[in-house]
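*Asks:* Pasting the sequence and the predicted model now:
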Amino acid sequence: MRNPVWRESVEIFFSEGHGFQVYFYLLIILAPVEFLALYVPSMDAQMWSGSASLFKVCAVTALMLMVYFSLRVANQEFAPWRFQRLSHWLRQQGQAPAAISRARLGFLAAHVGLSLFVCAPLLVWAGAIARTPVANLAAVFLFLPLYALSYGVWGLVALALWERKPENRQVFIRCFFTGLVILSALFYLPLNPIAFLLANLSGREMAPLALFGWPWPAAWVHFVFHLMLGSAGYALQRWALQRETRS
């Protein structure tokens, strides 16, 4: 709490209320999707009709929304005029790049936790209606923050690399997430977060990855990939902040 970068984000998002719209958007999108998934018939009755797939639809929707808004929050797209520039923290306030990085990552984690808290009642209700096993419900509450942080940290990367070019940052984070989702589906489906989540909720085993003559379990490959993705994003953000101190 002594970190001024952290305090700035908390003040802008919660004291001034600029961040409340994010959580309103989460609810206003997830709630109608949940209602439609339950009551609107589908062309494919075996997959998407009634309560049988209600929880799957809600979990995938929550996944997409949490990742999307985590990227936008990390990229400071809400009330961008209120945030101080990086040069202000580095030169005028004398903050170390590591302190700035920790503060931004910490606020991103807090946002992800709050987003999960906002979505939790609707997810639990959908799980109860669909009679989802507790293990599947717990898996969703594990997967969603993992994905939101693994991809959301790349919003911090964009902010550190192109602070003075907001259009570049906005294009980058949207293309980055969309491109990874499409490429993972094309080259190795278990890396795709949507496919992996649906497979786990359906109780289906995904094909292992044959690499160096060994079959690597799909779940292991999936989690290692996303942990490496998040770690690489954090390391790149730290490098970009360090570069700013030398410029």
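*Replies:* Yep, it's here. Predicted model only: the values in this text are computed from it and were never measured.
*Asks:* Which parts of the protein are strands?
*Replies:* 209-211, 214-216 (DSSP state E).
*Asks:* how close does the residue nearest the centre of the chain sit to residue 72?
*Replies:* By C-alpha atoms, centre = their mean, the chain has its centre lying nearest to residue 148, at 1.9 Å. From residue 148 over to residue 72 the distance is 11 Å, taken as C-beta to C-beta, to the nearest Å. C-betas here are computed from N, CA, C, even on glycine.
*Asks:* One more: residue 63?
*Replies:* Taken as C-beta to C-beta, the span from residue 63 to residue 72 is 15 Å.
*Asks:* Excluding chain neighbours, what is closest to residue 223?
*Replies:* Among residues not flanking residue 223 along the chain, residue 146 sits closest, at 7.7 Å (C-beta to C-beta, 6 or more residues apart in numbering).
*Asks:* Also residue 154?
*Replies:* residue 233 (4.7 Å).
*Asks:* Which residues are in contact with that neighbour?
*Replies:* 150, 153, 154, 156, 157 (C-beta atoms under 8 Å, 6 or more residues apart in numbering).
*Asks:* Among those, name the ones in helices.
*Replies:* 150, 153, 154, 156, 157 (DSSP state H).
*Asks:* So what's the residue count around the first one?
*Replies:* Residue 150 is surrounded by 24 other residues when neighbours are defined as other C-beta atoms under 10 Å.
*Asks:* Quick check: chain neighbours aside, which residue is closest to it?
*Replies:* Nearest to residue 150 is residue 230, by C-beta to C-beta, 6+ apart, at 3.9 Å.
*Asks:* From what I see, that neighbour and residue 145 are in contact.
*Replies:* No - the pair residue 230 / residue 145 is not scored as a contact, 10.9 Å apart, by C-beta atoms under 8 Å.
*Asks:* quick one: which of those two has more around it?
*Replies:* Legend: neighbour count by other C-beta under 10 Å for residue 230 and residue 145, higher for residue 230 (20 against 17).
*Asks:* where does the more buried one land on pLDDT?
*Replies:* Residue 230 is assigned a predicted lDDT (pLDDT) of 95.
*Asks:* who's in contact with it?
*Replies:* 149, 150, 151, 153.
*Asks:* What of residue 10?
*Replies:* residue 107.
*Asks:* mind checking how far it is from residue 100?
*Replies:* Counting by C-beta to C-beta - residue 10 and residue 100 are separated by 15 Å.
*Asks:* And residue 72, by the same measure?
*Replies:* 19 Å.
*Asks:* So between the two, which is more surrounded?
*Replies:* residue 100 (24 against 19).
*Asks:* Residue 38 touches residue 129, doesn't it?
*Replies:* Yes - Residue 38 is in contact with residue 129 according to C-beta under 8 Å; the separation is 6.9 Å.
*Asks:* rank the strands of the chain by pLDDT, which is bottom?
*Replies:* Taking the mean pLDDT of the strands of the chain, strand 209-211 comes last: a mean of 80.
*Asks:* That'll do, ta.
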